[in-house]
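Colleague: Sequence and predicted structure are below.
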Amino acid sequence: MTQYRKPVPMPDHVTAEFWSATKRHELLIQRCRDCGSHQFFPQSCCRACLSERSGWLRATGKGKIYSYTVVHRPPSQRFQDDVPYTVALVELDEGVRMLSNIVGIEAHKVRVDMAVEVVFEHISPEISLPKFRPAETS
Ligand code: ZN
């Protein structure tokens, strides 16, 4: 593997379980044990009721594109080889929205409401990034 040169997530005590799961190719979201709300990105308390009693729910990894943009001008030299690339807000079936990239499809073919599913990009021994590709139709 070539050296990964882009910014890398830094797991902390709140997000460590999430990043540990992505290494296993599992996508976790938080589920509040008091009010049942789902949330992403992981936080130390529930945004709906402020409870600190959250658990983890394994998401299906399926969802749809809520919104997206295509990046043509790299934000830094480290993204030069990636342009054009798609940054999307993906709404998971569990109701939370996740900012990620759409891969496996040319940027100009991406559409709002397109069905997508998670894939994991292994970038280092510690981190796999969740990204999304067009869902297999069955
Ligand atoms: Zn709650």
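Modeller: That came through fine.
Colleague: Grab the nearest non-local neighbour of the residue of the chain positioned farthest from its centre.
Modeller: Distance from the centre of the chain peaks at residue 34, with 24.8 Å (Cα atoms, centre = their mean). Spatial nearest neighbour of residue 34, excluding adjacent residues (Cβ to Cβ, 6 or more residues apart in numbering): residue 51 at 3.9 Å. (C-beta placed from N, C-alpha, C; glycine too.)
Colleague: what's the spacing between that neighbour and the ion?
Modeller: Separation of residue 51 from the ion (Cβ to the ion, to the nearest Å): 4 Å.
Colleague: Which parts of the chain are helices?
Modeller: In the chain, the helices defined using DSSP state H lie at 16-23.
Colleague: From the contact counts, what lies against the longest strand along the chain?
Modeller: For the chain, the strand that runs over the most residues, judged by DSSP state E, is strand 62-71. Here strand 62-71 touches strand 85-92, strand 97-102, strand 115-122, going by 3 or more Cβ pairs under 8 Å, 6 or more residues apart in numbering; DSSP states H and E.
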